[in-house]
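>>> Below are the sequence and a predicted model for it; my questions follow.
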Amino acid sequence: MHFNGDSLEKKEIDKNQDDEIAKIIGTFDPEKPDKVLLYFYVYIMKGECDKAWALFSKYSQQKILETSYDEMKESDEFYLQNEITSKMDLKKAFEENNPGLKEAFWLPFAVNSYAEFLIEYADFNVKIKKDNKALVEAVLKRTDGVEARLPFTMFYEDSSWRVGMIETADEV
């Protein structure tokens, strides 16, 4: 089964226009795991990566900090330019939308996770929601009706749904 932009139903979204985004996909709602997941990708594509970072689950943030710090410290240039000498410095860089992280982390993440593709072509639906855990599916539908479903595990933490990106990868 092959899915590409030519065979999928596309949403025409200008990711730089907040009012256009809200008109087409609705407004951000921390109580709706499907909206949180969709806006997670919107924030990445808009360069508001600090907002995307805040939407990762605590566990995903912890694991990303661990692996990113270990991988990035081999690339001394980024760390020297940004005076990152610890995982706490790296966490602060994520929280403050450090421009160096956009190239070092967020751009590869956006490409590898098909962020723009999901925003334009997927419908995000809550499949299961129980207590503080939910399963959200990004559904891609071809023009001939064939569908692909991508599952994402979400967690309710600190009064909002969060994207369990690492947890999702561990389950797949």
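Looks like it came in fine. Numbering: from 1, shown residues only.

>>> Okay, now the unreliable bits of the chain?
1-26, 75-80, 82, 171-172 (pLDDT under 70).

>>> all strands in it, in order from the N-terminus.
Assigned by DSSP state E, the chain shows strands spanning 122-130, 133-141, 147-157, 160-163.

>>> Any chance you could list what contacts the last one?
The set of residues external to strand 160-163 that reach it, using Cβ atoms under 8 Å, 6 or more residues apart in numbering, is 30-33, 36-37, 40, 55-58, 60, 134, 152, 154-156. No exception for glycine: its C-beta is placed from N, CA and C like everyone else's.

>>> How about the first one?
Residues from elsewhere that reach strand 122-130 (Cβ under 8 Å, 6+ apart): 32-35, 37-38, 134-141, 150-151.

>>> Please convert the buried members of the contacts of strand 160-163 into PyMOL selection syntax.
To isolate the buried members of these in PyMOL, using 16 or more other Cβ atoms under 10 Å:
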select buried, resi 32+33+36+37+40+55+56+57+60+134+152+154+155+156
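
>>> who's in contact with the residue lying closest to residue 164 once chain neighbours are set aside?
Leaving aside its chain neighbours, residue 164 sits nearest to residue 153 (4.0 Å; criterion: Cβ to Cβ, 6 or more residues apart in numbering). Residue 153 makes contact with 133, 134, 135, 164, 167, 168, 171 under the criterion Cβ under 8 Å, 6+ apart.
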